[in-house]
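Enquirer: Turn this into a structure:
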Amino acid sequence: MLNSTTTIRLTRYARGGGCACKIPPGELEAVMAAAPVGTSGPRPLGELVVGTENGDDAAVVTTATGTLVMTTDFFGPVVDDAYDWGRIAAANALSDVYAMGGTPVVAVNLLAWPRDSLPMELAAEVLRGGAATAAEAGCHLAGGHSIDDAEPKYGLAVTGHADPQRLLRNDAGRPGMPLSLTKPLGIGVLNTRHKATGERFPAAVAAMTTLNAAASRAALAAGAVCATDVTGFGLLGHLYKLARASGVTAVLDPAAVPYLDGAREAVRDGHVSGGTRRNLDWVAPHTRFGPTVREDEPLLLADAQTSGGLLVAGEIPGAPVIGHLASRGDHFVTVG
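Expert: Residues are numbered from 1 along each chain as shown. Okay, the predicted model is just below:
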């Protein structure tokens with residue numbers, strides 16, 4: 001076993017990169033379509049308001065005592081620093097509650113650790129990072145579950161509450177609504193470069209560890225009813241799911257989309273994950289790219305983000321407007 005003083009590159013122990021390691025969206029939808037949704041039979045304790053039908057970010061259940069939002073998310077190390085990985089994974093899991101317009105209340109840890117090859121001191125650092133982010137969110141973190149596994153993985157299962165009359169949903173978009181994005185893109189390609197070269201990108205870490213709490217509150221304050229977070233399926237993938245669920249076409253202005261410094265250079269140098277390429281393959285049949293779209297733009301727009309921002313159908317302070325929703329056309333997404 002490596003000792004705690006050894007310099008360890010955690011990303012070398014991960015097959016994928018954060019949310020880029022998701023099951024490809026097309027395959028996942030096929031599996032979910034064949035799986036029972038668990039709503040048959042008597043349901044004395046509550047009603048499922050949001051389930052799997054439109055690919056929303058979390059499940060929502062109304063009960064006699066309130067409305068609950070439930071989600072879970074975990075992945076292998078996306079950066080080499082154990083504490084930062086814990087912070088990123090926790091922020092990413094909490095994001096699904098914020099993306100529904102909810103507030104996280106309590107979470108539990110999910111930890112897989114190769115105890116024969118990585119020191120447990122590093123696992124403690126991961127948990128410490130997760131606890132720091134949960135504390136920042138004002139969310140209780142109480143225990144969890146761990147297993148001995150060949151690949152390290154970490155995340156949270158999170159329960160929050162929400163106002164059932166003020167949910168942010170995938171299916172509530174309407175023609176004429178502007179589209180706002182609260183974090184720049186490029187996290188995925190920079191993480192892929194970090195894994196390959198060891199280069200550090202503090203701006204990417206800062207973006208991934210920033211909670212979407214303020215963005216969620218701003219969206220609700222602006223009267224928004226439709227939103228999603230931008231994670232492993234990339235901006236194009238999540239935008240396609242939103243447009244499909246709402247029965248509209250999303251018109252995207254690529255010149256208005258913000259990127260982290262170094263993102264285009266990372267694509268140019270080939271630091272593109274397999275998850276990003278699968279995202280693009282999935283959305284391409286449903287997307288029309290205009291003749292002026294740059295050659296690298298489709299990959300950047302499909303870049304698998306980890307703990308990305310919110311994509312909101314509405315205008316919110318400080319977030320660039322990157323497009324709008326229009327009546328349903330020949331494609332679900334039009335770029336350029």
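Enquirer: Can you give me the domain assignment for the protein?
Expert: Following automatic domain parsing, one gets these domains for the chain: 10-165, 168-335.
Enquirer: Let me see the ranges of the strands in this protein.
Expert: 47-50, 59-63, 66-75, 103-113, 140-148, 153-161, 178-181, 227-229, 248-252, 287-289, 310-313, 321-327, 333-335 (DSSP state E).
Enquirer: who touches the nearest residue in space to Gly309 that is not next to it in sequence in this structure?
Expert: Leaving aside its sequence neighbours, Gly309 sits nearest to Lys183 (C-beta to C-beta, 6 or more residues apart in numbering; 2.7 Å). Every C-beta, even on glycine, is put in place using the N, C-alpha and C of the backbone. Contact analysis of Lys183 by C-beta atoms under 8 Å, 6 or more residues apart in numbering lists 207, 210, 230, 305, 308-310.
Enquirer: Reformat the strands of the chain as a markdown table; add mean neighbour count.
Expert: Listed next are the strands of the chain as a markdown table, based on neighbours: other C-beta atoms under 10 Å:
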| stretch | mean neighbour count |
| --- | --- |
| strand 47-50 | 16 |
| strand 59-63 | 18 |
| strand 66-75 | 20 |
| strand 103-113 | 20 |
| strand 140-148 | 12 |
| strand 153-161 | 23 |
| strand 178-181 | 23 |
| strand 227-229 | 29 |
| strand 248-252 | 23 |
| strand 287-289 | 19 |
| strand 310-313 | 27 |
| strand 321-327 | 18 |
| strand 333-335 | 22 |
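Enquirer: who wins for proximity to Thr7 among the ones you listed?
Expert: With C-beta to C-beta, the closest approach to Thr7 among the strands of the chain belongs to strand 103-113: 18.7 Å.
Enquirer: Mean pLDDT lowest where, among the domains of the chain?
Expert: Lowest mean pLDDT within these: domain 10-165, at a mean of 85.
Enquirer: got the end-to-end distance for it?
Expert: Its first and final residues considered, domain 10-165 spans 43 Å by C-alpha to C-alpha, to the nearest Å.
Enquirer: Looks like Leu110 contacts His145 (just checking).
Expert: Yes: Leu110 is in contact with His145 according to C-beta atoms under 8 Å; the separation is 6.1 Å.
Enquirer: Give me the phi and psi angles of the residue nearest the centre of the chain.
Expert: Nearest to the mean C-alpha position of the chain, by C-alpha atoms, centre = their mean, lies Thr231 at 2.8 Å. Dihedral angles of Thr231 (phi, psi; degrees, to the nearest 10) stand at phi -130, psi -120.
Enquirer: Could you pull up the contacting residues of it?
Expert: By C-beta under 8 Å, 6+ apart, Thr231 lies in contact with 19, 92, 95, 238, 304-308.
Enquirer: Could you do Leu111 as well?
Expert: 123, 126-127, 144-147, 153-154.
Enquirer: change it to 10 Å
Expert: 74, 86, 89, 123, 126-127, 130, 144-147, 149, 152-156 (C-beta atoms under 10 Å, 6 or more residues apart in numbering).
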